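Q: for reference, the sequence and a predicted model appear below.
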Amino acid sequence: MMKHFFYAVLLFTLGQSLIWFQTNAQFFWKWAKDHPFLMAVLFSTPISVMFIKATALIVAHFDGQLWPGRFIAQATGIVTFALITYMVLGEGINHKTTVSLLLSLTLLLIQILWK
């Protein structure tokens, strides 16, 4: 069901976004830098639930196969990391990052289109 796929990608993307803030907020938010344990506690449960649910949805979409979900989670992580790093920290996207993003997109398209 395409609905499962859409919700899984959405949950993977939200989870990856939260992970970005959990690990990188220390570079622009003093509170996060001073409270790493609280950052871990506050973010861990929502992130875990998102990934558990996304994995279940993607496995349902791909008829019980686990591998497509791993590649889709990795691809959403690369894209999310690049976009948030650019938007929040202003870190540009160089040639190496562009190639990595294209490879991630290719990986995602393989999982979606190759039956």
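A: Thanks, I have it. Numbering: from 1, shown residues only.

Q: let me see the backbone angles for the residue lying farthest from the centre of the chain.
A: What lies farthest from the middle of the chain is Asp34; by Cα atoms, centre = their mean that is 25.0 Å. Backbone torsions of Asp34, given as degrees, to the nearest 10, read phi -80, psi -10.

Q: the longest helix along the chain: which residues count as buried?
A: Looking across the chain with DSSP state H, the single longest helix is helix 36-61. For helix 36-61, the neighbour count (16 or more other Cβ atoms under 10 Å) marks 39, 43, 47, 50-51, 54-55, 57-59, 61 as buried. Glycine gets a C-beta too; all of them are placed from N, C-alpha and C.

Q: likewise stretch 78-98?
A: Neighbour counts using 16+ other Cβ under 10 Å place 78-82, 84-85, 97 of stretch 78-98 among the buried residues.

Q: now Arg91, what's its secondary structure?
A: Quick fix: residue 91 reads Glu, not Arg. Three-state call for Glu91 (DSSP: H, G, I helix; E, B strand; the rest coil): coil.

Q: list the contacts of it.
A: Listed by Cβ atoms under 8 Å, 6 or more residues apart in numbering, the contact partners of Glu91 are Thr85.

Q: noted, bye for now.
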